[in-house]
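return a 3D structure for these sequence lines:
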Amino acid sequence: MTELYGMPGHLIRRAQQISSSIFAEECDGFNLTSVQFAALFTIRANPGLDATRLSSLIAFDRSTIGDVLERLEAKKWIKRRASPTDKRAKLLYLAPAGEKLLGDVEPAVHRVQERLLAPLPPESRATMMRLLTELVSLHNESTPP
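Residues are numbered from 1 along each chain as shown. The predicted structure follows:
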């Protein structure tokens, strides 16, 4: 039987737990989750996208992205506007408060990334990022839309 710490799934889950813990420490006081940060960051980079596209870009479940967006809108960090071509679709934009929040929180999020990889020597950090990027990319290619 394979040892637990020899299972990539377990190690990836542990890395996610560590990342979440560091995010909570560094971003304490912003009232923001890592998924909310990803949504805001992506909306800023793609103003006017819809919820379906957002969920795809941040790899978040389409059925629960609405809850995330409701919270972001309640905090006045985003605005939803009807699409001019499809009145059923809502397009997403950062509100001024969301823009300010991102500017304020980005140094903390940058520290999260640094702390997460800090135990590794610099050459291993680059290798880790390359391998993670490759793994995710290959799984994305093999996953049906």
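
what distance separates whichever strand or helix holds Glu114 from the centre of its chain?
Using DSSP states H and E, Glu114 falls within helix 96-117. Here helix 96-117 is found 12 Å from its chain centre; the criterion is CA atoms, centre = their mean, to the nearest Å.

helices or strands up against that helix?
helix 8-26, helix 34-45, helix 122-142 (3 or more CB pairs under 8 Å, 6 or more residues apart in numbering; DSSP states H and E). For every residue, glycine as well, the C-beta is placed using N, CA and C.

make JSON lines out of these and add distance to Glu106, mean neighbour count and mean pLDDT.
Shown next, in JSON lines, are these (distance: least, CB to CB, whole Å; neighbours: other CB atoms under 10 Å; pLDDT from 0 to 100):
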{"stretch": "helix 8-26", "distance to Glu106": "11", "mean neighbour count": "13", "mean pLDDT": "96"}
{"stretch": "helix 34-45", "distance to Glu106": "8", "mean neighbour count": "19", "mean pLDDT": "97"}
{"stretch": "helix 122-142", "distance to Glu106": "19", "mean neighbour count": "11", "mean pLDDT": "93"}
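
among those, which is nearest Pro84?
Across those, Pro84 has its closest neighbour in helix 34-45 (18.1 Å, CB to CB).
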